[in-house]
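S.K.: Provided below are the primary sequence and the corresponding predicted coordinates.
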Amino acid sequence: MKAYTQYLTIRTNKKIEIINITNKVKKAVEESGIKEGLCLVNSMHITSSVFINDEEEGLKKDFINWLEGLAPYDFDRWLHNRTGEDNAHAHLKRTIMGREVVIAVTQGQLDLGPWEEIFYGEFDGQREKRVLIKIIGE
């Protein structure tokens, strides 16, 4: 079995933003040379996530609005913010959206459904963060 590792560095323009990283992950799969296996994509930060859904601007805004309703930025509401941080909401949003995705690699390509795209969700951005791509297989 072979393994291939790549790190993406992402710096968002906004504090909260959703970015499509599908093409970057596809390129990593091609570079790996792995034809059959699994591809793990995970955020290496506790205030951002990786998830799969549809590429549609309205839906991305819906996710952000939905998450803000569940875990709003409200400095006084969250105990974590009393530690000198102001990003408790971002930790909660990450927990809701998840840390990683695993996608099958079949015949050297990501085996995604017809509307599936891979997204990086940033909830405390405007600074560099890393995403791990780990591909294993033959």
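M.R.: Everything's here; your move. Residues are numbered from 1 along each chain as shown.

S.K.: buried set for stretch 85-104?
M.R.: 87-94, 97, 99, 101, 103 (16 or more other C-beta atoms under 10 Å). C-beta coordinates here come from the backbone N, C-alpha and C atoms, glycine included.

S.K.: So which of these is the closest to residue 3?
M.R.: Taking C-beta to C-beta as the measure, residue 3 lies nearest residue 103 of those, at 15.6 Å.

S.K.: I figured that closest one hits residue 39, correct?
M.R.: Yes: at 4.8 Å, residue 103 counts as touching residue 39 under the criterion of C-beta atoms under 8 Å.

S.K.: list residues touching both of these two?
M.R.: 25, 110 (C-beta atoms under 8 Å, 6 or more residues apart in numbering).

S.K.: helix or strand for the residue positioned nearest the centre of the chain, which one?
M.R.: In the chain, the residue lying closest to the centroid (C-alpha atoms, centre = their mean) is residue 50, at 1.9 Å. Element membership for residue 50, per DSSP states H and E: strand 48-53.

S.K.: Quick one: name whatever helix or strand follows that strand.
M.R.: Defined by DSSP H and E, the subsequent element after strand 48-53 is helix 57-70.

S.K.: Return the distance of that following helix from the chain's centre.
M.R.: Remark: helix 57-70 is offset 15 Å from the chain centroid, using C-alpha atoms, centre = their mean, to the nearest Å.

S.K.: which helices and strands does that helix pack with?
M.R.: Counting contacts by 3 or more C-beta pairs under 8 Å, 6 or more residues apart in numbering; DSSP states H and E, helix 57-70 is packed against strand 17-20, helix 88-97.

S.K.: now that helix: mean pLDDT?
M.R.: Across helix 57-70, pLDDT averages out at 98.

S.K.: And stretch 124-138, by the same measure?
M.R.: What stretch 124-138 shows for mean pLDDT is 98.

S.K.: Off-centre distance for it?
M.R.: With C-alpha atoms, centre = their mean, you get 8 Å for stretch 124-138.

S.K.: Can I get that stretch as PDB, trimmed to CA atoms?
M.R.: This file holds the C-alpha atoms of stretch 124-138, laid out as PDB (Å, rounded to 0.1, in the frame of the first residue of the first chain):
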ATOM      1  CA  ASP A 124     -12.600  32.300  12.600                       C
ATOM      2  CA  GLY A 125     -10.600  33.300   9.600                       C
ATOM      3  CA  GLN A 126      -8.300  35.900   8.000                       C
ATOM      4  CA  ARG A 127      -5.200  34.000   9.100                       C
ATOM      5  CA  GLU A 128      -3.400  31.000   7.600                       C
ATOM      6  CA  LYS A 129      -4.700  27.600   8.400                       C
ATOM      7  CA  ARG A 130      -3.900  24.100   7.100                       C
ATOM      8  CA  VAL A 131      -5.900  21.300   5.500                       C
ATOM      9  CA  LEU A 132      -4.500  17.800   5.400                       C
ATOM     10  CA  ILE A 133      -5.000  15.600   2.300                       C
ATOM     11  CA  LYS A 134      -3.900  12.000   3.000                       C
ATOM     12  CA  ILE A 135      -4.400   9.400   0.200                       C
ATOM     13  CA  ILE A 136      -3.800   5.700   0.800                       C
ATOM     14  CA  GLY A 137      -4.100   2.800  -1.500                       C
ATOM     15  CA  GLU A 138      -2.600   1.100  -4.500                       C
END
